[in-house]
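1. With the input below, show me the fold.
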Amino acid sequence: MQTSALSLQQILTVASTSNKLKTNFLQVLADHMNLHGADAKSQVASILASRLSETKDDIEQLPIPEDMKKHLQVQLNPFGPFLNFQNLHMNIEQAKSHFLKAESLLGLMNIHLALTGHVVRGSVERTEAENLAQRFRQVAKQIQHEDLPEALKRSLLKRTLKMASILDHYYAFGPDNLQEELEGLVGAMVVSPPPQGSRVAALYKELARLAVAGLVVLTAVDASLGKAISITENAAKLIEYVEDDGSEGAEVQEM
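-> Next up is the predicted model:
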């Protein structure tokens, strides 16, 4: 079972086992998650802060005495600077002497065991997520060669690659990031639809299908998320639009 503490432990274990001692630990994690661009390290910092905050909140939900909760919270102290975005300048060597110590990571596992059975997070089916991630990467390659406005091309390319990263490393990103990227991807296409019957329309149809597949993954993790967002409706409209040229249809799965 996945818990917030296990997610944090899995992320930090990647850094703790790295031999790139002089490389910033955020950069190591960004490379592992296939995050690129000027904001890659800040995305990782935000993920760490989110998972730590979730872990703190989850401990408070445990049906155990307050003194036991305090004991668990103390084991999060080495990672406290994540919430204030401190220590983010450290390289792997420095991080290993501070919050990447073996005993600190063991503390996260202790918290995970305490949370298991009480406060757990939904997880994705691994093979399904990996296959969908690969499809997003394939579409990203197509986008690079399409005749699209440059700003739209950058937006679609960034979001499709981010979707692939989220699906490959769902334990780190979680449902909120998946929902945000799905909404952004579908929104970008709805705002800038292609000419009907054009070659780009086929690309949009495939992107819309992938967005619906991503929504299936999202609602499998937490059904309430799918009901609270407009991805289904927008994706259905998009598929309907690009199929008005008489091409073979794709069915939108009913949530």
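2. Where do the helices of the stretch 151-255 of the chain begin and end?
-> Taking DSSP state H, counting those that start in this stretch as the criterion, the stretch 151-255 of the chain contains helices spanning 170-191, 199-221, 223-228, 231-242.
3. Ok, which of those helices comes nearest Ala95?
-> Ala95 lies closest to helix 170-191 among these, at 16.6 Å (CB to CB). All C-beta spots, glycine's among them, are computed from the backbone N, C-alpha and C.
4. what comes up buried for the closest one?
-> For helix 170-191, a neighbour-count test (16 or more other CB atoms under 10 Å) marks 170-175, 177-179, 181-186, 188-190 as buried.
5. Mind giving me the packing neighbours of that helix?
-> On a contact count with 3 or more CB pairs under 8 Å, 6 or more residues apart in numbering; DSSP states H and E, helix 170-191 meets helix 4-16, helix 40-61, helix 150-168, helix 199-221, helix 231-242.
6. got TSV for the ones you listed, with distance to Lys101 too?
-> As requested, the helices and strands packed on helix 170-191 are exported to TSV (distance: least, CB to CB, whole Å):
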stretch	distance to Lys101
helix 4-16	8
helix 40-61	16
helix 150-168	28
helix 199-221	32
helix 231-242	41
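7. Distance from the chain centre to the strand or helix carrying Thr127, please.
-> Element membership of Thr127, judged by DSSP states H and E, is helix 126-144. A distance of 14 Å separates the centroid of the chain from that of helix 126-144, by CA atoms, centre = their mean, to the nearest Å.
8. I'd like the average pLDDT over it.
-> Averaged across helix 126-144, the pLDDT comes to 92.
9. quick one: that helix to helix 170-191, angle?
-> 40 degrees (axes from the mean of the first three to the mean of the last three CA atoms, to 10 degrees).
10. Give me the buried positions along helix 126-144.
-> 129, 132-133, 135-137, 139-140, 142-143.
11. ok, Leu8 to Glu150 distance?
-> Using CB to CB, to the nearest Å, Leu8 is found at 38 Å from Glu150.
12. ditto for Asn84
-> Asn84 is 38 Å from Glu150, by CB to CB.
13. quick one on the thing from earlier: looking at Leu8 and Glu150, which is more packed in?
-> Neighbour tally, Leu8 and Glu150, criterion other CB atoms under 10 Å: the higher count belongs to Leu8, 26 against 7.
14. Look up the closest residue to that one, ignoring the ones flanking it.
-> Among residues not flanking Leu8 along the chain, Arg51 sits closest, at 4.3 Å (CB to CB, 6 or more residues apart in numbering).
15. I'd assumed Leu6 was in contact with that neighbour.
-> No: here Arg51 lies out of contact with Leu6, judged by CB atoms under 8 Å, at a distance of 9.6 Å.
16. With neighbour numbers in mind, choose between these two.
-> Ranked by neighbour count (other CB under 10 Å), Arg51 and Leu6 place Arg51 first, with 27 against 23.
17. quick one, what contacts that one?
-> 4, 7-8, 11, 172, 174 (CB atoms under 8 Å, 6 or more residues apart in numbering).
18. please redo it, this time with the cut-off set to 6 Å
-> Neighbour list for Arg51: 4, 7-8 [criterion: CB atoms under 6 Å, 6 or more residues apart in numbering].
19. Since that was my last question, I'll sign off now.
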